[in-house]
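A.B. asks: pasting the sequence and the predicted coordinates here, then a few questions.
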Amino acid sequence: MDKQESEIESAELSIWFFCGILMLAYGLVLIVTGFVEFHNPPANEILLPWLESLHPTLWWGVVLTVFGGFYSIRFFPRRG
Amino acid sequence: MPLITFSGMLLFNRQLTRLAPVDILILVLYFALVVFIGFYAKGKANTSEDFFLAGREMTAWIAGLSFVSANLGSLELMGWAGAAYQYGMLAAHWYWIGAIPAMLFLGIVMMPFYYISKTHSVPGYLQLRFGEGARAVSAVSFAMMTILMSGVNMYAMALVMKTVLGWNISFSIWVGAATVALYVMLGGLRSAIINEVLQFVLIWAGAAMIPILGLIEAGGWTKLKAQIAVNVGTTDYGHMWSTLGSFKDNPMGVHWTGIVFGLGFVISFGYWTTDFLVVQRVLSANNLRAAKMAPVIGAAFKMAVPFIVIVPGLLALAVLKNPDGTMMHLVPESVAAATGQHSYNEVLPLMLIRYCGPGLLGLGITALVAGFMSGMAGNVSAFSTVWTYDLYGAFISKKASDKHYVAMGRWSTVIGMLVSIATAYLVMNAASIMDYVQALFSFFIAPLFGTVILGMLWKRATHWGGFLGLLAGTISSIGMFLWVQGNAGALRYIAMSPDAKPMAENLYRALWSWIICVVVTVVVSLVTKPVPREQLAGLVYGVTPIPHDGSKNLWEKPIFWAIVVIVVFFILNLIFW
C-alpha cells in the first residue's frame, strides 16, 4: 500500500484495524484455550495422537495474535 | 460461480458436533463486531454515492479483497470442497482458468469503460450503450436473481447450522437475516465491503488449519497423491489437463474445449466482468488505477483459494476414516439419503471436525457463518442498488431527490431481506428450487457478457442489436436447459458427445447461448442504423480517449502486476498438469 492509500485508510477507523482487532482477540482466546488443552487434549486429538503433540490451537493462536497485533497497532485510529 | 448443486445439503441427516463455550465466545465476538461496523458505517452513508458505491473511496486492496470475497461464500467453499472429493484436481479449474484470465481482463480492458462512464451499475452501462430495453431486461433478471440467491444462502446457512450443530432452522434464518439487514441498511455498500474484507481474513484464519494439518498427516503433497491413487485406483484425480483429451477419460466427463471455451471464456468472463455483484465492488475504487488494480489483486488471492477448498477435498480421499479405522467413502446425495452415509457436500465440515478442537472449531464455524452472511449481504446490497437506480429511479420515480433515493435504498434492503426470508422458507419446502435458482443465474450471465463485450469493443453495435442479442441468448439458454430437463439424451447434442456428463451441460449451454447472442447482435446491428459516434464517447473502445491511470513507475502499473499474475497462473497449471 502506498502512502496515499495508507492515509485514506487511517483517517478514521480503518478496515485493516477491524481485521486486526478481531484476529488479535481470536488469537488471545486460542492461546488461552491452547494452554488449557496442553494437558487435557480435546476428543479429536485423542483420536489422532499425532495431532496432540503439535498443539495446533496454541500455535495458531500465536500466529493470529502476531498478525492481529501488527494490524491493530499499524492501523490504530490515532495514527491519522 | 455457483455451478455446483447443493440441494444435497438437505440430506445431512445427523448432528455432526456441538460447540464448546469458547466456540460460542468466538461466534459472539464476530456478531458484536459486525453490528458495530453497521452503526459505524451509518455515519458515512449520507448520499446515494456513499450508500450505493461506498463514496467511491475504496483503495485497490480493499476493493480487490472485497471483489474476490464476494465470490467466496460458504456455499462455494462447501460445494467445491465436495467437488474436489468427487472430481479431484479438475475442480481447481473453477478457481484458475475459470477466474484468473477474466479477472485480469476486467481490470485491464473493461474497467476503464465502467469507471470513465461513471455508471453506478452494469445495467446502467447497458442503458448508456444500448438504451432502456437492454437495461430493463438486465435489471429485472439481476434483481430477481440476487434476491433469490440471498434466500438460498440464508436457507443453506440455517441448514448447515442445523445439521452440523443442531440449531433450529428458523432461529438461524432470522438471526442471520436481521444482522445482515441491519448492517447493510445502516451502512450500505461500505458496510458490506468492510464485512467482506473481514470475512476474507476470517475464512483463511478458520479454514487454513485443515490443509496444513492434513498435509502433515498425509506426509506431504507427493505422498497425498500416491495415497489417493491407491485409494481410488487411478492417478486421474491428481491432474488438471492430462485427462481432458476425451469426455470419458476423466471423473467429470468433460472435454478440454468445454473447460477452455465454455468455462474459461464464456462463463468465467460473463461472471467476473458483467455480474454486478462483483463489479460493484470494483466501482467503489477511489481512482482509475485502483479500479484497474483491484481485480488484479483479487486474481492473485483467488489463485490461492484452492489451498483451503480443493486440498481438503483431496485430503478426504486419502485420510478421512470412520471411527473403526476403515476409509470413509462419501457418496452422492441420492445414495446418502438411502444409506445414511455422509455425502460429498459434508466433506469440509467433516475435515474441520477431524482436525479442530474447541476454539479452532469455533473459528471454522464462524468463518462459515461469515461466508453465508457475506453472501446474503453482497446479494442484497447489489439488489438495493439495481432496484433503486435501474428500476425505481429509471421507470417509477425519475426525478426524486438524492435523499429520497438513499431512503429507497434502505427500504429496499429491508424488503429485499424479507423476500429472501420468504424464499428461504419456500426452499425449505421444495429443495429442488435451490438448483433451479442456480440454473436461472446461468441463463443470463453468458449472453450478458456477449452484449457487454460487443458494446465495449465494437462501435457498430446498435441499440436493437444489443437488446435482441441479449434476449435471443437468454431465451436460447432457457430453451437448452428445458430441453435437457425434458430429455436427458439431448445433452449429447449440446455437448457434442454421447460421453458428456451433466457438468458439461453448463459449459456448452453457456458457450452456445453466448454465440447466439453475439451472432444475433452482429446481424441485427448490421441491418439497423448505427449509433452516432458522438453518443459513444466514454463507452466504446476506439472512440474513447483512455485517461492515464496515474501510475508513475513499473511497480505501480496494473498491467505489470497482471503479467506477473498470469505467469504464475501458467506455472501453476503446468505444475498440476
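C.D. replies: Here it is on my side, so go on.

A.B. asks: which residues touch the helix or strand where B:Val565 lies?
C.D. replies: Here B:Val565 sits within helix B:558-575, counting by DSSP states H and E. Contact partners of helix B:558-575, identified using CB atoms under 8 Å, 6 or more residues apart in numbering or on different chains, comprise B:96-97, B:100-101, B:104, B:107-108, B:240-241, B:289, B:292-293, B:296-297, B:299-300, B:303, B:549, B:551, B:554. For the C-beta atoms, the positions are set from N, CA and C on the backbone; glycine is no exception.

A.B. asks: chain center to it: distance?
C.D. replies: When distances are taken as CA atoms, centre = their mean, to the nearest Å, helix B:558-575 is centred 21 Å away from the chain's centroid.

A.B. asks: re earlier: what subset of the contacts of helix B:558-575 is buried?
C.D. replies: Among the contacts of helix B:558-575, those classed as buried by 16 or more other CB atoms under 10 Å in any protein chain shown are B:96-97, B:100-101, B:104, B:107-108, B:240-241, B:289, B:292-293, B:296-297, B:299-300, B:303, B:549, B:551.

A.B. asks: sorry, back to before: buried residues in the helix holding B:Val565?
C.D. replies: Buried-residue list, helix B:558-575, by 16+ other CB under 10 Å: B:Pro558, B:Trp561, B:Ala562, B:Val565, B:Phe569, B:Leu572, B:Asn573.

A.B. asks: what score does the first one have for pLDDT?
C.D. replies: pLDDT recorded at B:Pro558 is 90.

A.B. asks: spit out the contact partners of the spatially closest residue to B:Gly359 that is not a sequence neighbour.
C.D. replies: With sequence-adjacent residues excluded and distances taken as CB to CB, 6 or more residues apart in numbering or on different chains, B:Gly359 is closest to A:Thr33, at 3.8 Å. If you count contacts by CB under 8 Å, 6+ apart, A:Thr33 has them with A:Thr57, A:Leu58, A:Gly61, B:Val22, B:Pro358, B:Gly359.

A.B. asks: Provide the backbone phi and psi angles at the residue in chain B that chain A sits nearest to.
C.D. replies: Taking CB to the nearest CB, chain A has its nearest neighbour within chain B at B:Gly357, 3.1 Å off. Dihedral pair for B:Gly357: phi -90, psi -170, per degrees, to the nearest 10.

A.B. asks: what about the closest residue in space to B:Asp390 that isn't next to it in sequence, helix or strand, and which?
C.D. replies: Distances taken as CB to CB, 6+ apart put B:Ala139 closest to B:Asp390, at 3.8 Å, once the chain neighbours are dropped. Using DSSP H and E, the element containing B:Ala139 is helix B:132-160.

A.B. asks: tell me the helix or strand right after that helix.
C.D. replies: helix B:169-207.

A.B. asks: now for the helix or strand just after that next one, which elements pack on it?
C.D. replies: Scanning forward in sequence from helix B:169-207 by DSSP H and E, the next helix or strand is helix B:209-218. Using 3 or more CB pairs under 8 Å, 6 or more residues apart in numbering or on different chains; DSSP states H and E, the elements in contact with helix B:209-218 are helix A:49-52, helix A:56-74, helix B:221-232, helix B:306-319, helix B:347-355, helix B:360-385.

A.B. asks: what's the closest of these to B:Glu196?
C.D. replies: helix B:360-385 (5.3 Å; CB to CB).

A.B. asks: list the buried ones in the helix or strand following the closest one?
C.D. replies: Note on helix B:360-385: by DSSP H and E, the next helix or strand toward the C-terminus is helix B:402-429. By 16+ other CB under 10 Å, the buried positions in helix B:402-429 come out as B:405-406, B:408-410, B:412-417, B:419-421, B:423-424, B:427-428.

A.B. asks: what is helix B:402-429 packed up against?
C.D. replies: Contacts defined by 3+ CB pairs under 8 Å, 6+ apart place helix B:402-429 against helix B:48-53, helix B:132-160, helix B:169-207, helix B:360-385, helix B:432-457.

A.B. asks: need the winner for burial among these.
C.D. replies: helix B:360-385 (a mean of 28; mean count of other CB atoms under 10 Å in any protein chain shown).

A.B. asks: how far does that helix sit from its chain's centre?
C.D. replies: Helix B:360-385 sits 12 Å away from the centroid of its parent chain (CA atoms, centre = their mean).

A.B. asks: buried set for the longest helix along chain A?
C.D. replies: In chain A, with assignment by DSSP state H, the single longest helix is helix A:15-37. Neighbour-count burial for helix A:15-37 flags A:15-27, A:29-31, A:33-34, A:37 (criterion: 16+ other CB under 10 Å).

A.B. asks: give me every residue in chain A lying close to chain B.
C.D. replies: Residues of chain A lying near chain B by CB under 8 Å from any CB of the partner chain: A:1-2, A:5, A:8-9, A:13, A:15, A:18-19, A:21-23, A:25-26, A:29-30, A:33-34, A:37, A:41-45, A:47-48, A:50-51, A:54, A:56-57, A:60-61, A:64.

A.B. asks: going by contacts, tell me the helices and strands next to whichever helix or strand comes after the longest helix of chain A.
C.D. replies: Next along the chain after helix A:15-37, taking DSSP H and E as the criterion, comes helix A:43-47. Packed against helix A:43-47 by the contact rule (3+ CB pairs under 8 Å, 6+ apart) you find helix A:49-52, helix B:347-355.

A.B. asks: looking at those, which is buried most?
C.D. replies: Buried most deeply of the helices and strands packed on helix A:43-47, by mean count of other CB under 10 Å, is helix B:347-355, with a mean of 24.

A.B. asks: average pLDDT for that helix?
C.D. replies: pLDDT averaged over helix B:347-355 gives 87.

A.B. asks: distance from the chain centre to that helix, please.
C.D. replies: That offset, for helix B:347-355, works out to 23 Å (CA atoms, centre = their mean).
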